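Enquirer: make a model of this:
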Amino acid sequence: MTKKELRAAMKKRNLSLSSEERDAASERIFGRVERLPGFSAARCAAFFCALPDEPQTGAALARWSAAKRIVVPLSLIHISEPTRPY
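Expert: Prediction:
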C-alpha cells in the first residue's frame with residue numbers, strides 16, 4: 001500500500017466513526033500526549049485545528065491553554081480579505 005492509499009483508507013475509516021467514537025479516540029490520543037515527559041515540561045505546544053476526519057483537538061486545546069502557550073498554524077489559502085491582528 002502506498003502512502004497516498006494509506007491516507008485515503010485512514011480518512012475513509014476516520015469519517016465512518018460516530019462523533020462519540022471520534023471524541024473517545026481523541027481523548028485517548030491526547031491523554032497519551034499529556035503523559036509524555038517532554039510535553040509535561042513544555043511551556044509552549046504547537047497544535048492544529050482539526051478537520052472532520054482528524055483527531056478532535058478542541059477539548060485538549062481548551063484544557064492545556066490555561067497552563068501552556070498554544071500556537072497553531074495560520075493558513076491564508078481561503079482568506080479573501082486582508083488579515084488583521086486580533
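Enquirer: residues touching the nearest residue to Lys11 once chain neighbours are set aside, list them.
Expert: Spatial nearest neighbour of Lys11, chain neighbours left out: Asp53 (4.9 Å); criterion: CB to CB, 6 or more residues apart in numbering. Every residue, glycine included, has its C-beta placed from N, CA and C. By CB atoms under 8 Å, 6 or more residues apart in numbering, the residues touching Asp53 are 11, 14-15.
Enquirer: pretty sure Val71 is touching Ala46, no?
Expert: Yes: the pair Val71 / Ala46 is scored as a contact, 5.0 Å apart, by CB atoms under 8 Å.
Enquirer: now do the strands in this structure.
Expert: 44-46, 69-71 (DSSP state E).
Enquirer: for this structure, which residues score under the pLDDT cut-off?
Expert: 77-86 (pLDDT under 70).
Enquirer: thought Cys44 was touching Ser65?
Expert: No: the pair Cys44 / Ser65 is not scored as a contact, 11.2 Å apart, by CB under 8 Å.
Enquirer: how close does Gln64 get to Ala45?
Expert: Check again: residue 64 is Trp, not Gln. Using CB to CB, to the nearest Å, Trp64 is found at 7 Å from Ala45.
Enquirer: all helices of this structure, in order?
Expert: 3-15, 19-34, 37-41, 58-64 (DSSP state H).
Enquirer: and stretch 66-74, what's buried?
Expert: 68, 70 (16 or more other CB atoms under 10 Å).
Enquirer: please apply the same query to stretch 26-41.
Expert: 26, 30.
Enquirer: residues in contact with stretch 58-66: which ones?
Expert: Against stretch 58-66 from outside (CB under 8 Å, 6+ apart): 23, 26-27, 30, 33, 45, 47, 50, 70.
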